[in-house]
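*Asks:* Mind looking at a prediction? Sequence and model below.
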Amino acid sequence: MSSFTGVYDACVLYPAPIRDLLMWQALTGLFRARWTNLIHEEWIRNVLANRGDLTREQLERTRDLMNRAVPDCLVEGYEDLIAGFALPDADDRHVLAAAIRAGAGVIVTFNLKDFPKEVLQPHGVEAQHPDEFIGHLIDLDADAVCAAVRKQRESLKKPPKSVEEFLSAPAFGMLPKTLAYLRTMADRI
């Protein structure tokens with residue numbers, strides 16, 4: 001397991017296909033994925049606000065499965081750092097605090113504007129769009145990334161998905177570079 005650490009912001013944990021992609025990548029050993037209970041609560045709250053067909057119990061089950069799947073994923077003891085940061089959205093300060101406490105080099109987020117470089121850089125943290133983050137993983141070990149994507153696709157049973165069906169999930173449109181790369185590697189996923 002690599003010692004390089006990334007903290008997942010709540011916005012990359014919903015929609016589910018993006019969360020699943022990042023979770024499968026967390027199992028590659030290329031980096032350590034971390035998050036907090038507060039990050040969990042944020043993505044769960046957002047899903048419940050947008051998806052009336054899902055229950056809190058279902059999402060808490062997902063949360064628990066995530067926590068069991070990735071060893072030492074929960075960051076704790078970061079709360080005392082929160083008040084010391086000025087970010088465009090004060091509600092994101094806990095994510096930076098967790099990243100610092102976890103010794104993370106990166107916050108994986110769609111909300112790059114909420115994590116200005118000049119605030120993060122003194123702490124050795126960088127905000128990366130998940131498309132860029134996965135691109136770095138591909139550069140590091142494309143075989144491991146493709147194997148994880150294959151496992152993700154093969155885990156879908158209701159219904160099973162062909163490679164094209166899998167890659168056609170609307171959420172993957174949020175990751176254009178990753179999607180383009182995966183299409184070139186369709187025979188491996």
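*Replies:* Cool, the structure landed. Bear in mind the structure is a predicted one, so any value in this text is a computation, not a measurement.
*Asks:* Give me the pLDDT value at R19.
*Replies:* R19 carries a pLDDT score of 97 in this model.
*Asks:* What about the closest residue in space to it that isn't next to it in sequence, how many residues nearby?
*Replies:* Of all residues not flanking R19 in the chain, L13 sits nearest, at 4.4 Å (CB to CB, 6 or more residues apart in numbering). All C-beta spots, glycine's among them, are computed from the backbone N, C-alpha and C. Using other CB atoms under 10 Å, L13 has 25 neighbouring residues.
*Asks:* Local confidence estimate at L13?
*Replies:* pLDDT for L13: 98.
*Asks:* how close does it get to E164?
*Replies:* 25 Å (CB to CB, to the nearest Å).
*Asks:* Then L30?
*Replies:* For L30, the distance to E164 - CB to CB - is 26 Å.
*Asks:* who has more neighbours, the two?
*Replies:* The neighbour count for L30 versus E164, taken as other CB under 10 Å, is higher for L30 (20 against 9).
*Asks:* would that one count as being in a helix?
*Replies:* No. Judged by DSSP: H, G, I helix; E, B strand; the rest coil, L30 forms no part of a helix; its state is coil.
*Asks:* That one touches L137, doesn't it?
*Replies:* Yes. Using CB atoms under 8 Å, L30 is in contact with L137, at 5.5 Å.
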